[in-house]
Structure formats: C-alpha cells, structure tokens
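S.K.: What would the 3D arrangement of this be:
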Amino acid sequence: MSLRKDEKIFVAGHRGMVGSAIHRKLTEDGFTAVLGRSRTELDLLDRAAVQAFFAAERPSVVVVAAAKVGGIMANWEQPVEFLLQNLAIQNNLIEAAADHGARKLLFLGSSCIYPKLAPQPIREDALLTGPLEATNDAYAIAKIAGIKLCQAYAREYGKTFISAMPTNLYGPHDNYDLHNSHVLPALIRKVHEAKLAGDRSITVWGSGQPRREFLHTADLADACVFLLDHYDGHDPVNVGCGEDVTIRELAETVCEVLGFDGSLEFDTSKPDGTPRKLLDISKIKALGWAPKIPLREGISDAYRWFCENRDTARV
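M.R.: Residues are numbered from 1 along each chain as shown. Got it, this is the predicted structure:
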C-alpha cells in the first residue's frame with residue numbers, strides 16, 4: 001500500500017541529521033501528520049515511555065532514524081554504549097510499532113554492517129559472510145540485530161518491517177565535533193578553521209588511501225520515502241550514490257570547495273578503518289530510484305549550513 005498523505009508517520013530521531021532530512025522531505029511532499037518527539041519529550045531508551053507514546057498516538061508508519069552515532073574514535077572508545085543504547089532504542093521502537101498496529105516500519109541501518117573485506121561494490125547478500133571492521137563492530141552488531149528483528153517480525157507476525165542500509169552520510173545538522181564526528185564534517189570544520197587562522201596545512205587522520213562513498217541526506221530522505229511507497233521485501237536495501245573516492249581525494253575536494261590552498265598532512269598513527277566501502281545500489285535502482293546530488297554540490301550545501309549555524313551546530 002502506498003503512503004497516504006494524511007496518515008500518521010512517526011520519524012524517530014527527527015532532530016538528528018538523518019531524521020530531520022526525512023521529516024523535512026515528508027513535510028515538503030505534503031504529508032500532513034508527520035510526528036516527531038525530541039529527547040526531552042520522549043526518551044527512546046525508556047521502554048515504558050515508548051510503549052505509552054505508541055499507545056496514545058498509534059502511528060501508521062514508523063521510520064527508525066534514531067541512534068547513537070559517531071566516528072572511528074567514538075566507536076572505539078565506547079563500544080558498550082554503542083551496543084546497549086542502540087539495541088535499546090531500536091528494540092523499543094520496533095516492538096512498540098508491532099504492538100500498536102503500525103502497518104509499516106522502515107529501519108535505517110548502516111553500510112558498516114558488512115564484512116571488512118567484502119567484495120566491492122558490496123551487495124546486500126554479503127551480510128554476515130565475514131568479520132566486521134573492529135573499529136566500529138559494536139555499532140554494526142546493533143544494526144545487524146535491528147535488521148534481523150525486522151525480518152523476524154515479518155516472518156513470524158507478517159509485519160511489513162523493511163530495512164535500508166545507507167552509505168556514509170552528510171548534510172545539514174551533521175556533527176562537527178572533531179572527537180566523535182565522521183570524516184567529511186571533520187574535514188569541513190578543519191579546513192574552515194584553518195582558513196580563518198591563516199594556517200598553511202591541515203592534518204587528516206590515517207593514510208588517505210581508504211576509499212569511501214558519500215550520500216547527501218536529502219538523497220537518503222528521498223530514497224526512504226521511495227522505499228516506503230514501493231518496497232515491502234524482507235531483505236535490506238542498499239542506499240548510496242554508486243561512486244567512491246579516496247580520503248585524500250575527499251580532502252582535496254573539500255579544500256577546493258572551501259577555497260583553501262594549503263597542504264594536507266596525513267597522520268598515519270590514526271586508524272584507516274575499512275580499506276574500501278562502496279555499496280552496490282543496483283537493487284534500489286532497479287526499483288526506480290537514483291541519487292541526484294553530486295559530491296561537490298553536496299559539500300557546498302553542507303558548508304553553507306555549517307557557516308549559517310556555526311553557533312548552534314554540534315561542534
């Protein structure tokens with residue numbers, strides 16, 4: 001069944017980078033009953049509170065975009081928190097959606113669910129075929145559990161609970177805290193501050209050789225609404241742009257977009273993470289969806305948002 005413009009759609013995590021993009025897309029597309037709750041309004045770690053919310057509101061469609069997220073360092077230093085909090089959040093939401101009659105749920109996973117050395121580009125059926133990347137395996141294991149829980153509800157109770165696996169994301173409302181951000185917002189902030197300080201170089205973590213794929217959150221939001229409308233399958237669906245770049249190339253592009261002509265220095269004492277992570281997006285493209293925002297244009301948009309919201313952004 002296609003989405004109806006007047007049905008209640010609950011976007012869990014609607015103030016985060018991903019959730020806000022999905023909430024914005026739904027609103028712009030004319031959906032009139034899009035629900036969101038801030039952390040102070042609804043603690044997703046509190047099972048009883050989540051159950052009470054679903055009992056009162058009874059959303060018809062649920063998007064699970066809430067999660068504890070962070071970069072390599074945060075994942076490495078806090079595996080307990082990444083496991084416990086993400087398992088609790090997704091278990092509470094998926095269980096409550098099932099208990100209170102949601103007709104459809106979209107669970108957002110991550111490309112880190114796939115094995116560290118999976119064949120490239122990574123197909124959905126690579127899941128659980130090899131060891132994970134050690135620097136973020138706690139987060140990955142939680143996300144894998146979410147996928148499996150959705151599949152279990154589909155098989156045991158006939159629920160239309162689907163999963164999408166986004167690649168590396170960036171865009172408005174990103175995290176720019178250098179201690180726990182991802183690589184692209186970290187580079188934007190470093191280059192911006194180097195420009196202001198008149199520095200002649202910036203330091204990039206790792207060797208610069210790993211390859212990564214990047215998708216703007218507006219494209220992800222578009223894909224999520226598309227999947228809610230067009231996909232009911234049990235298997236996860238990759239969402240990416242189909243192209244990757246080295247971290248060095250990414251840093252060079254950020255420098256060009258921001259107008260910084262200094263040099264790059266690579267700190268090889270810091271971990272590289274997975275050597276390459278490019279998703280095979282042939283499945284979602286066959287359904288009729290494709291990304292629209294080129295990387296350079298997307299970086300420019302993200303930088304514009306950072307400059308306009310520097311005082312309130314997560315830095």
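S.K.: Which stretches in the stretch 1-150 of the chain count as strands?
M.R.: Assigned by DSSP state E, counting those that start in this stretch, the stretch 1-150 of the chain shows strands spanning 9-12, 34-35, 61-64, 104-108.
S.K.: Export those strands to TSV and append columns for mean pLDDT.
M.R.: What follows is the strands of the stretch 1-150 of the chain, written out as TSV (pLDDT from 0 to 100):
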stretch	mean pLDDT
strand 9-12	98
strand 34-35	98
strand 61-64	98
strand 104-108	98
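S.K.: Return the most buried member of these.
M.R.: Ranked by mean neighbour count, the strands of the stretch 1-150 of the chain are led by strand 9-12 with a mean of 28 (mean count of other Cβ atoms under 10 Å). Every residue, glycine included, has its C-beta placed from N, CA and C.
S.K.: what residue of this protein is the furthest out?
M.R.: Centroid-distance maximum for the chain: Gly198 at 33.2 Å, with Cα atoms, centre = their mean.
S.K.: quick one on the thing from earlier: mind putting the strands of the stretch 1-150 of the chain into CSV with distance to Tyr303?
M.R.: Formatted as CSV, the strands of the stretch 1-150 of the chain follow (distance: least, Cβ to Cβ, whole Å):
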stretch, distance to Tyr303
strand 9-12, 25
strand 34-35, 28
strand 61-64, 27
strand 104-108, 25
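S.K.: Would you mind saying which of the ones you listed lies nearest Leu220?
M.R.: Leu220 lies closest, by Cβ to Cβ, to one member of the strands of the stretch 1-150 of the chain: strand 104-108, at 8.4 Å.
S.K.: coming back round to it: please determine how far the residue farthest from the centre of the chain is located from Asp219.
M.R.: Separation of Gly198 from Asp219 (Cβ to Cβ, to the nearest Å) stands at 35 Å.
S.K.: what do you get for Arg304?
M.R.: Distance from Arg304 to Asp219, counting by Cβ to Cβ: 17 Å.
S.K.: and if you look at Glu297?
M.R.: 11 Å.
S.K.: more crowded one of these two?
M.R.: Per other Cβ atoms under 10 Å, whichever of Glu297 and Asp219 has more neighbours is Asp219, with 22 against 12.
S.K.: what's around the residue nearest to that one when sequence neighbours are not counted, how many residues?
M.R.: Among residues not flanking Asp219 along the chain, Pro291 sits closest, at 4.4 Å (Cβ to Cβ, 6 or more residues apart in numbering). The tally of other residues near Pro291 (other Cβ under 10 Å) stands at 22.
S.K.: need the strands for the stretch 151-300 of the chain, in chain order.
M.R.: For the stretch 151-300 of the chain, the strands defined by DSSP E, counting those that start in this stretch occupy 160-166, 168-170, 201-205, 211-212, 214-216, 237-239, 245-246, 263-267, 276-277.
S.K.: can you pull up the bridge partners for the residue lying closest to Ile147 once chain neighbours are set aside?
M.R.: Distances taken as Cβ to Cβ, 6+ apart put Ser163 closest to Ile147, at 4.7 Å, once the chain neighbours are dropped. Note on Ser163: beta-bridge partners Phe107, judged by DSSP bridges.
S.K.: ok, Ser163 - contacts?
M.R.: Under the criterion of Cβ atoms under 8 Å, 6 or more residues apart in numbering, the contact list for Ser163 reads Leu106, Phe107, Leu108, Gly109, Gly146, Ile147, Cys150, Gln151, Asp235, Pro236, Val237.
S.K.: In stretch 50-67, which residues are buried?
M.R.: Val50, Phe53, Phe54, Pro59, Ser60, Val61, Val62, Val63, Val64, Ala65, Ala66, Ala67 (16 or more other Cβ atoms under 10 Å).
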